[in-house]
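Trainee: would you be able to build a 3D model of this:
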Amino acid sequence: MEQKGKMVPSSSVPPEILWSSLPLILKQFPVKTLLKLRCVSKVWCSIIDDPDFIRLHHKHSHTRPDGVSIVLMNKDGGDYQLYSVDPEGGPLVDLLEVPSLFVSKYYSSVYEPNYADTIQLQSVNGLVCIQNRIWNPSTRQRIEIPPRKESTTTFLDVPTYLLGFDPFSDKYKILNKQVVVSIDGGGVEKRVEYQILTIGTNEWREIDSVPNEFVPYHRNHRSCCIEGVIYSFACISDEDMILAFELTREEFRIIPLPPEVDHVDCCDFYLIEVRERLGLINGAMTTISILEDSEKIVWMTQNSIFPDFILKYYEGSKFTPIGAIHTEILLCVDDWNTQVKRFFYYDLESKRLRRVDAVPNLLDIFQYGIYYTKHVESLFRLKRFYFVLIDQS
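Mentor: Next up is the predicted model:
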């Protein structure tokens with residue numbers, strides 16, 4: 001634009017202010033768009049790849065309508081098929097097919113029983129863990145976890161991998177739980193060994209903080225990571241409890257279950273994050289306990305979550321907590337009355353239940369077990385790591 005024969009700048013905003021505000025603008029976009037915007041210029045690329053911006057974008061993704069999704073996994077023959085769906089309803093989106101852990105080149109065919117109780121689908125800080133694979137659904141990249149150190153004198157049962165994120169070091173870590181059976185002089189010793197791997201390295205490290213008499217094992221393999229702590233179930237001296245692994249210090253500690261919890265039915269309990277705290281919910285949705293203080297072990301338990309008429313209608317049905325979104329807990333309900341799977345939100349503050357109608361009946365699509373996790377998208381790029389990288393188109 002010209003004025004009195006002179007050129008007038010199209011913007012009066014100083015360039016330094018414009019560039020400083022660019023991250024606040026870019027954080028509004030989904031990962032797919034940002035990956036394309038990396039090509040605009042070197043400056044844009046450096047901003048989008050900056051670890052501080054990746055953290056800023058991931059934090060903001062919790063509040064963006066398209067930043068949160070439900071990732072579902074279904075076993076299809078020997079492989080696993082992954083899908084996503086909008087938490088407020090919509091069609092299933094085909095994401096990825098993952099070969100089973102037990103046909104991996106790293107593991108032999110000695111694992112022949114049914115492993116349904118050891119399989120879990122975890123989403124931690126934007127990454128998804130599926131058995132021995134780490135995957136970022138947003139960037140379409142995945143890596144295969146290298147094999148842990150194994151002894152030639154022991155027989156190893158099926159490994160369990162627990163993904164965690166340490167906010168202090170800004171690193172992802174994988175905790176491996178392995179049941180080890182040693183045969184010595186005709187006797188058989190069964191124990192649980194733990195090893196830790198930091199993503200970006202290729203070496204497992206032994207966890208020395210587990211006492212010899214400490215043999216945690218539980219049929220419930222569910223876990224979650226909150227504020228740098230991986231929580232999982234353990235059974236010690238025939239007593240159910242929660243095992244907390246602090247990723248910064250790489251140490252274990254024991255958290256007793258709330259006294260209101262029926263330990264007999266502990267295998268039907270779920271661990272989820274609720275407002276940056278640990279939530280313990282049973283599959284019947286009759287109680288929910290939130291760990292308000294993890295240091296002093298203070299639980300707050302709420303009984304009779306649903307109205308009686310809801311529990312009576314869905315009597316015998318299974319409630320699967322998927323995750324918390326703001327003050328609401330997303331649930332999948334196996335409705336045995338109508339033979340459909342339904343999604344509900346339960347609001348912890350108003351104690352109201354609302355149904356999500358625009359989700360296809362998963363029982364019409366899947367024939368086998370379905371696993372769920374809440375996923376918040378992230379720009380974290382696995383291609384920086386060199387072991388067994390597979391980029392997905």
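Trainee: in this protein, which strand has the most residues?
Mentor: In the chain, taking DSSP state E as the definition, the longest strand is strand 171-184.
Trainee: that one pairs with which strands, parallel or anti?
Mentor: Strand 171-184 has the following strand partners under DSSP bridges: strand 154-156 (antiparallel), strand 160-166 (antiparallel), strand 187-198 (antiparallel).
Trainee: can you get me the start-to-end distance on stretch 83-97?
Mentor: Start-to-end span of stretch 83-97 (C-alpha to C-alpha, to the nearest Å) is 9 Å.
Trainee: identify each buried residue in that stretch, please.
Mentor: The neighbour-count check on stretch 83-97 (16 or more other C-beta atoms under 10 Å) flags Y83, S84, V85, D86, P87, L92, L95, L96 as buried. Just so you know, the C-beta spots here come from the backbone N, C-alpha and C atoms, and that holds for glycine as well.
Trainee: so what touches the helix or strand hosting the second one?
Mentor: Read it as S84. Using DSSP states H and E, S84 sits in strand 79-85. For strand 79-85, the surrounding residues in contact (C-beta atoms under 8 Å, 6 or more residues apart in numbering) are 69-75, 91-100, 130, 137, 359, 375.
Trainee: helix or strand next in line after it, which one?
Mentor: With DSSP H and E, the next secondary element past strand 79-85 is strand 93-99.
Trainee: beyond that following strand, next helix or strand please.
Mentor: strand 121-124.
Trainee: send me the helix or strand hosting T301 as CSV with only the CA atoms.
Mentor: Element membership of T301, judged by DSSP H and E, is strand 298-303. C-alpha atoms of strand 298-303 as CSV (Å, rounded to 0.1, in the frame of the first residue of the first chain):
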residue,chain,number,x,y,z
VAL,A,298,-4.7,-40.6,51.4
TRP,A,299,-7.5,-42.2,49.4
MET,A,300,-10.9,-40.6,48.8
THR,A,301,-13.5,-43.3,48.0
GLN,A,302,-17.0,-42.7,46.5
ASN,A,303,-19.5,-45.5,46.7
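Trainee: just to revisit the earlier point, and the strand holding S84, how far out from the chain's middle?
Mentor: 15 Å (C-alpha atoms, centre = their mean, to the nearest Å).
Trainee: check stretch 293-313 too.
Mentor: On C-alpha atoms, centre = their mean, the centre of stretch 293-313 falls 22 Å from the chain's centre.
Trainee: what do you get for stretch 74-90?
Mentor: 15 Å.
Trainee: end to end, how far does it reach?
Mentor: End-to-end distance of stretch 74-90: 18 Å, with C-alpha to C-alpha as the criterion.
Trainee: now do the helices in the stretch 251-393 of the chain.
Mentor: According to DSSP state H, counting those that start in this stretch, the stretch 251-393 of the chain carries its helices in the segments 308-313.
Trainee: okay, now the unreliable bits of it?
Mentor: By pLDDT under 70, the low-scoring segments of the stretch 251-393 of the chain are 262-266, 304-305, 307, 309, 316, 335-339, 358-369, 383-393.
Trainee: now the strands for it?
Mentor: Counting by DSSP state E, counting those that start in this stretch, residue ranges of the strands within the stretch 251-393 of the chain are 251-256, 269-274, 277-282, 287-293, 298-303, 318-325, 328-335, 340-347, 353-356, 370-376, 389-391.
Trainee: so can I have TSV of those showing mean neighbour count?
Mentor: Converted to TSV, the strands of the stretch 251-393 of the chain look like this (neighbours: other C-beta atoms under 10 Å):
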stretch	mean neighbour count
strand 251-256	15
strand 269-274	21
strand 277-282	22
strand 287-293	18
strand 298-303	13
strand 318-325	20
strand 328-335	20
strand 340-347	19
strand 353-356	15
strand 370-376	21
strand 389-391	12
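Trainee: so which of these is nearest R205?
Mentor: strand 251-256 (13.1 Å; C-beta to C-beta).
Trainee: hey, C-alpha coordinates of that closest one in PDB?
Mentor: Coordinates of each C-alpha in strand 251-256 appear next as PDB, following Å, rounded to 0.1, in the frame of the first residue of the first chain:
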ATOM      1  CA  GLU A 251      12.800 -47.000  42.800                       C
ATOM      2  CA  PHE A 252       9.800 -49.000  43.900                       C
ATOM      3  CA  ARG A 253       7.400 -48.300  46.700                       C
ATOM      4  CA  ILE A 254       4.200 -50.000  47.900                       C
ATOM      5  CA  ILE A 255       0.800 -48.300  48.100                       C
ATOM      6  CA  PRO A 256      -1.900 -50.100  50.100                       C
END
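Trainee: return the list of helices and strands in contact with that strand.
Mentor: With contacts taken as 3 or more C-beta pairs under 8 Å, 6 or more residues apart in numbering; DSSP states H and E, strand 251-256 sits against strand 229-236, strand 239-246.
Trainee: I'd like to know which of the strands of the stretch 251-393 of the chain is closest to Q122.
Mentor: Using C-beta to C-beta, these put strand 370-376 closest to Q122, at 6.2 Å.
Trainee: that closest one pairs with which strands?
Mentor: When pairing is defined by DSSP bridges, strand 370-376 lines up against strand 68-76 (antiparallel).
Trainee: for the strand it pairs with, which positions count as buried?
Mentor: Buried, per 16+ other C-beta under 10 Å, within strand 68-76: V68, S69, I70, V71, L72, M73, N74, K75.
Trainee: and stretch 244-263, by the same measure?
Mentor: Under 16+ other C-beta under 10 Å, the buried positions of stretch 244-263 are A244, F245, E246, L247, E250, F252, I255, L257, P258, V261.
Trainee: in contact with the last one, which residues?
Mentor: Put plainly, it is V261. Per C-beta under 8 Å, 6+ apart, neighbours of V261: D240, F269, L280, N282, T287, S289, T301.
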